[in-house]
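Novice: Need coordinates for the following:
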Amino acid sequence: MIELMRLASPALPVGGFSYSEALEAAVDRGAVAGETQARDWLLDQLQLTLARSDLPVTALAFKAWQRADLARVRELNDWVLQTRESREFALQSQQTGRSLIEWMRQRGSTPPLLDAALALTPAPSWPVAFALAAVHSGAPLREAAIAAAVGWAENMVSAAVKAVPLGQSGGQRLLDALNARLPALVDAAITLPDGQRQAFAPMLAILSSQHETQYTRLFRS
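Specialist: Residues are numbered from 1 along each chain as shown. Okay, the predicted model is just below:
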C-alpha cells in the first residue's frame, strides 16, 4: 500500500506537476476566474474525460498486465495515444508514461513485463504505465484506480492554485469536492463496458491547442 501511495503522490518524479491539461488556457481566456469556476471545471473534467477514458483504460490495462496479455496492452496503449486530441495532450501522456517506466527501472524495480512496457511505441502512455506500476505494487484493482484518480486530482488542484490563482485553503476545498466524487466514478470506470469507453471533449481540445501558442504560460499543457 505504501508503494501505491507513492504512485499517487505529486512528488512522483514523472513531471505531472508541469501540466495543467488546458486549465491555464481556460484561465487565460476568462473561462475560469475563481474558486467556484475552477471547482466546476475540474468536476466536469473528472466526469467527462478521466472517468470515461483514462480510468477505464487503467483498469483494463491492469487486468491485461496481470495476465501478460501484451496484445491487449498494445491495443489499449494505441487507443490512448490515438485519442489525445492535441499535440500537448499526446506529449503529456507519452512523457509521463515513459518517465514512470524509467523511474521503475532506475530503482532496480524489474517486473517481468518492464521490457514490454519500454518497447511500446512511440511510448508507454500514462494510464498503461501506471497500470503496470500498480500491478507491481500488489494493490487490488479498485485501490489502484482510486490512486490514479487521486494523483490526477492532486496535480490539477496544484495547477489551479498557481494558475487561477487560489490560496491553499481554496485548493483544499477543491480537493474535498473532487474526492467526494471519486469513489462512485472509479466504480463506474472499472466496470465500464469496453464499447462505451470514449475520449471526446472538444472544448478542452481547442483550449489545449490554443495553449500551445499562448504568449506566457507556467505549464507545459
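
Novice: Okay, Ser209 and Ser53: tell me how far apart.
Specialist: 18 Å (CB to CB, to the nearest Å). For glycine as for every other residue, the C-beta is placed from the backbone atoms N, C-alpha and C.

Novice: Could you list the low-pLDDT ranges of the protein?
Specialist: Scanning the chain for pLDDT under 70 picks out 109-111.

Novice: can you give me the helices in it?
Specialist: With DSSP state H, the ranges of helices along the chain come out as 2-8, 23-28, 35-45, 55-66, 70-82, 87-106, 114-118, 126-137, 141-163, 168-190, 202-211.

Novice: Can you tell me what sits against the shortest one?
Specialist: With contacts defined as CB atoms under 8 Å, 6 or more residues apart in numbering, helix 114-118 is touched by 70, 73, 101, 104-105, 124, 128-129, 132.

Novice: Report the buried members of these.
Specialist: Buried members of the contacts of helix 114-118, counted by 16 or more other CB atoms under 10 Å: 73, 101, 104, 124, 128-129, 132.

Novice: Now tabulate those residues in TSV and tack on distance to Ala149.
Specialist: Shown next, in TSV, are the buried ones among the contacts of helix 114-118 (distance: CB to CB, whole Å):
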residue	distance to Ala149
Val73	21
Ile101	20
Met104	21
Pro124	19
Val128	16
Ala129	16
Leu132	17
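
Novice: Pick out the most distant pair among the residues you listed.
Specialist: The distance between the two most remote of the buried ones among the contacts of helix 114-118 (CB to CB) is 15.3 Å, for Val73 and Met104.

Novice: What residue, apart from its backbone neighbours, is nearest the spatially most central residue of the chain spatially?
Specialist: The structure's the chain has its C-alpha centroid closest to Trp152; by CA atoms, centre = their mean the separation is 5.2 Å. Sequence neighbours aside, Leu50 is the residue nearest to Trp152 in space, at 5.9 Å (criterion: CB to CB, 6 or more residues apart in numbering).

Novice: My guess is the one you found contacts Val150. True?
Specialist: No: shown here, Leu50 and Val150 do not form a contact pair, counting by CB atoms under 8 Å, at 11.2 Å.

Novice: The two: who's more crowded?
Specialist: Between Leu50 and Val150, counting by other CB atoms under 10 Å, Leu50 is the more crowded of the two (24 against 21).

Novice: before we move on, the earlier item: from the buried ones among the contacts of helix 114-118, pick the one nearest Pro13.
Specialist: Using CB to CB, the buried ones among the contacts of helix 114-118 come closest to Pro13 at Met104, 11.1 Å.

Novice: Against Leu55, how distant is that closest one?
Specialist: To Leu55, Met104 is 21 Å away according to CB to CB.

Novice: Burial check on Trp79, number of neighbours?
Specialist: Neighbour count for Trp79, taken as other CB under 10 Å: 17.

Novice: now Gln95
Specialist: For Gln95, the neighbour count with other CB under 10 Å is 19.

Novice: nearest residue to it other than its sequence neighbours?
Specialist: Nearest residue to Gln95, sequence neighbours excluded (CB to CB, 6+ apart): Gly15, at 6.2 Å.
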